[in-house]
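Trainee: coords below, sequence missing:
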Ligand code: PFF
């Protein structure tokens, strides 16, 4: 059964791409990608990342898109509405667990972003610019039992408010205005960073590969990051694709999204690494890179105060366009399956994610001794979602698309029943990637890493 009766749609392909790109471009690009590049060999990591994004992630994204567009249903009903086998109910289970884990820690880091935007607006970094002071400023803040909760509440509140307005007036409008703004902001910062004297070392690090650091764990991290960055395996692509119009060109839509996301990640690298090298800082600073190292650099560079404001504003926009896509997965379920009004569904989810996020936040301080498999709650949620749940959900979806829906339906969807002039070789290559390369690739990486 399709839920077409009262469903909204994106107003066109551009709106859909902007929303999808909004989901993809986020903290993953600005916070995670640069430090993973820093820790895992610079350009070599980027190269592996791009290869995996094209050969594995793009086909998975197409698989998810086909399921959403064809079923026009929320993620829970999408798979079972396309097949009679009950086995595939397992995929939405992976999706919902991924969404719950990701949104819980995501809204905490989003909250840190809000706090750092406030700090940059009050020029706090220029006043306490030493790296060690900024390091303790960050660790004192995240381990404080109350302050991060206030900002977590603010971030989640903004996410909920946008989603409450619905697809066209909320998600679409916000992405339409914010995504171009985001690209302009990151380009401004990249230009500033590249023009600092000594920046070329950073550019070399980003663009000249050194494969000596690459091993199977680096490949696993690159794939986990590519999945996270492209929002795969969480049901967000299925959900957004269920709102697109029938004439949408799937190859163009997913290809553009992947291009925007990867392009933005590389731009974020260009905004950060040249400055890191120019100021003689070790690039493998880990997760503190954005919240400790960058503020230190901002405090040292000319017009750094302004660049800091632009950077943290960009971070906040990027995080919001992603968190709304996560929340929408849950809202579509609550409104369509449990028949709750959108407003009630938003309020209910706000409380659920507030509590889970609060646990995550407190695990940085008072609850830091509470360990799950040796990790605190925050790290556990991050690790399990990016390295296990999203990969497994994505793997099952691409198997579902390639082998349960099968070549005939994939061809129909990629060409809109032959009405689109897509070259045959492209359709066949994508079909081959969906059926063989992507499932075998994800499986191999899951097993060998
Ligand atoms: N892609 C987002 C980022 O890079 O920050 C994070 C994300 C959003 C992951 C939506 C998963 C998801 F479903």
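Mentor: Good, I have the coordinates. Since this is a predicted model, take the numbers as computed values, not measurements.
Trainee: drop to CA atoms for contacts and neighbour counts, all remaining ones
Mentor: Fine.
Trainee: Quick check: which ranges of the chain have low pLDDT?
Mentor: Across the chain, the ranges flagged by pLDDT under 70 are 1-6, 128-129, 449.
Trainee: got the contact list for the residue most central in space within it?
Mentor: Nearest to the geometric centre of the chain sits residue 229, at 3.8 Å (C-alpha atoms, centre = their mean). Residue 229 sits next to 24-26, 28-29, 261 when contact means C-alpha atoms under 8 Å, 6 or more residues apart in numbering.
Trainee: now swap in residue 127 and tell me
Mentor: Contacts of residue 127 (C-alpha under 8 Å, 6+ apart): residue 299.
Trainee: Return the distance of it relative to residue 305.
Mentor: 10 Å (C-alpha to C-alpha, to the nearest Å).
Trainee: Find residues that contact each of those two.
Mentor: residue 299.
Trainee: thinking again about what came up before, and the furthest pair within the contacts of residue 229?
Mentor: 28 and 261 (9.7 Å; C-alpha to C-alpha).
Trainee: So the closest residue to residue 243 other than its chain neighbours: helix, strand or coil?
Mentor: Once flanking residues are discounted, residue 243 sits nearest to residue 9: 4.5 Å by C-alpha to C-alpha, 6 or more residues apart in numbering. Following DSSP: H, G, I helix; E, B strand; the rest coil, residue 9 is assigned to coil.
Trainee: what about residue 196, is that helix, strand or coil?
Mentor: coil.
Trainee: From the contacts of residue 229, pick the one nearest residue 369.
Mentor: Taking the contacts of residue 229 together and measuring to residue 369 by C-alpha to C-alpha, the closest member is residue 28, at 26.5 Å.
Trainee: isn't that closest one right up against residue 222?
Mentor: No. With contact defined as C-alpha atoms under 8 Å, residue 28 does not count as touching residue 222 (11.8 Å).
Trainee: Flag every residue of the protein that's near the ligand.
Mentor: 23-29, 228-232, 234, 236, 322, 325-326 (C-alpha under 6 Å from any ligand atom).
Trainee: 8 Å instead, please
Mentor: By C-alpha under 8 Å from any ligand atom, the residues of the chain that approach the ligand are 23-30, 32, 98-99, 102, 106, 227-237, 318-319, 322-323, 325-326.
Trainee: Just those residues: which are in strands?
Mentor: Judged by DSSP state E, strands contain none of the residues of the chain next to the ligand.
Trainee: Return the subset of those lying in helices.
Mentor: 23-24, 27, 98-99, 102, 106, 227-229, 236-237, 318-319, 322-323, 325-326 (DSSP state H).
Trainee: before we move on, the earlier item: enumerate every residue touching the residue nearest to residue 243.
Mentor: 167-168, 243-245.
Trainee: Then residue 112?
Mentor: 142, 148, 151-152.
Trainee: Just among those residues, which is most surrounded?
Mentor: With neighbours taken as other C-alpha atoms under 10 Å, the top of the contacts of residue 112 is residue 152, carrying 29 neighbours.
Trainee: measure stretch 386-395 end to end?
Mentor: OK, stretch 386-395 end separation, C-alpha to C-alpha: 13 Å.
Trainee: ok, residues contacting that stretch?
Mentor: Residues contacting stretch 386-395 (C-alpha under 8 Å, 6+ apart): 60, 64, 91-92, 94-95, 97-98, 220-221, 224-225, 227-228, 232-234, 438-439, 442-443.
Trainee: do that again at 6 Å, thanks
Mentor: 91, 94, 98, 224, 228, 233, 439 (C-alpha atoms under 6 Å, 6 or more residues apart in numbering).
Trainee: Would you quantify the distance from the residue nearest to the first one when sequence neighbours are not counted to residue 234?
Mentor: This means residue 91. Once flanking residues are discounted, residue 91 sits nearest to residue 393: 5.7 Å by C-alpha to C-alpha, 6+ apart. Per C-alpha to C-alpha, residue 393 is found 7 Å from residue 234.
Trainee: all helices of the stretch 1-150 of the chain, in order?
Mentor: 13-24, 27, 33-39, 43-52, 58-71, 75-82, 90-121, 124-127, 131-143, 147-164 (DSSP state H, counting those that start in this stretch).
Trainee: and if you look at the stretch 251-400 of the chain?
Mentor: Counting by DSSP H, counting those that start in this stretch, the helices of the stretch 251-400 of the chain are 293-300, 304-336, 342-362, 377-384, 390-399.
Trainee: Residues contacting the helix or strand harbouring residue 174, please?
Mentor: Secondary structure from DSSP states H and E places residue 174 in helix 173-194. Helix 173-194 is contacted from outside by 18-19, 270-271, 274-275, 314, using C-alpha under 6 Å, 6+ apart.
Trainee: mind redoing it with 8 Å?
Mentor: If you take C-alpha under 8 Å, 6+ apart as the criterion, helix 173-194 is touched by 15, 18-19, 21-22, 162, 199-200, 203, 264, 267-268, 270-272, 274-275, 307, 310-311, 314, 317-318, 321.
Trainee: Apart from its neighbours in sequence, what residue is nearest residue 298?
Mentor: According to C-alpha to C-alpha, 6+ apart, the nearest residue to residue 298 is residue 304 (4.3 Å).
Trainee: swap that for residue 198, please
Mentor: In space, residue 198 is closest to residue 278, 4.6 Å off (C-alpha to C-alpha, 6+ apart).
Trainee: correct me, but that neighbour touches residue 204?
Mentor: No. Applying C-alpha under 8 Å as the test, residue 278 and residue 204 come out as separate, 11.9 Å apart.
Trainee: Where does the stretch 51-200 of the chain get nearest to the ligand, residue-wise?
Mentor: Here the residue of the stretch 51-200 of the chain nearest the ligand is residue 99; by C-alpha to the nearest ligand atom that distance is 6.2 Å.
Trainee: Now for that residue, how many residues are close by?
Mentor: Residues lying near residue 99 (other C-alpha under 10 Å) number 27.
Trainee: Report the separation between the residue nearest to residue 298 and residue 434.
Mentor: Applying C-alpha to C-alpha to residue 304 and residue 434 gives a distance of 45 Å.
Trainee: Residue 34 too?
Mentor: Residue 34 is 29 Å from residue 434, where distance means C-alpha to C-alpha.
Trainee: Residue 334: neighbour count?
Mentor: By other C-alpha under 10 Å, 20 other residues sit near residue 334.
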